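Novice: With the input below, show me the fold.
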Amino acid sequence: MIKDMVNHPADSAARCEEAYAKAQDLQEKLNAVITFVDPKEQLSQLPEGGLLHGVPIAIKDNVNTKGIRTTSGSRILSNYFPIYDATITKKLREAGAVCIAKASMDELAMGGTNLT
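Specialist: So this is what the prediction gives:
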């Protein structure tokens, strides 16, 4: 699937929208996402020719994403919006990846139960 996305970037907007909608549909069952990120704005600003052009991704919620709520699974950080991207986020964006969600996790990544 990823190979197809990379080899056919013209379909990237539809794929991102589809992945975003599917993640939302599965949220009640899986509780896998802390914050959803609408891909529309990112799609309009994609760099040309990136290796991951238009590939939808979820970023773990303890990785800084500029302007997107980043809680690390903790209520104390429920209103934290980073002012910069983590290095990995920056590199993924430069490659053309589209963040559609911040993935759920144990609080501050300190648990082993995977309860969210």
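
Novice: From now on I want contacts and neighbour counts done on CA atoms only, so please keep to that.
Specialist: Fine.

Novice: Tell me if I'm right that Val63 and Gly73 touch.
Specialist: No. Counting by CA atoms under 8 Å, Val63 sits too far from Gly73 to count as a contact (11.0 Å).

Novice: Who has more neighbours out of these two?
Specialist: Gly73 (22 against 18; other CA atoms under 10 Å).

Novice: Phi first, then psi, for the more buried one.
Specialist: The phi/psi pair for Gly73 (degrees, to the nearest 10) reads phi 70, psi 20.

Novice: That one touches Glu107, doesn't it?
Specialist: Yes. The pair Gly73 / Glu107 is scored as a contact, 4.3 Å apart, by CA under 8 Å.

Novice: Next, the contact list for Ala109, please.
Specialist: For Ala109, the contact set (CA atoms under 8 Å, 6 or more residues apart in numbering) comprises 62, 72-73.

Novice: And these, which is closest to Pro56?
Specialist: Asn62 (18.3 Å; CA to CA).

Novice: Please settle this for me: is the closest one part of a strand?
Specialist: No. Assessed with DSSP: H, G, I helix; E, B strand; the rest coil, Asn62 is coil; it does not lie in a strand.

Novice: Quick check: phi and psi at it.
Specialist: phi -100, psi 10.

Novice: Give me the neighbour count for it.
Specialist: 21.

Novice: in terms of contact, does it touch Arg69 like I think?
Specialist: No. Using CA under 8 Å, Asn62 is not in contact with Arg69; the gap is 10.0 Å.

Novice: follow-up on the earlier one: need the contacts of Ala109 in a markdown table (columns: pLDDT and distance to Lys90).
Specialist: As requested, the contacts of Ala109 are exported to a markdown table (pLDDT from 0 to 100; distance: CA to CA, whole Å):
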| residue | pLDDT | distance to Lys90 |
| --- | --- | --- |
| Asn62 | 98 | 15 |
| Ser72 | 97 | 18 |
| Gly73 | 94 | 21 |
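
Novice: Alright, calling it a day.
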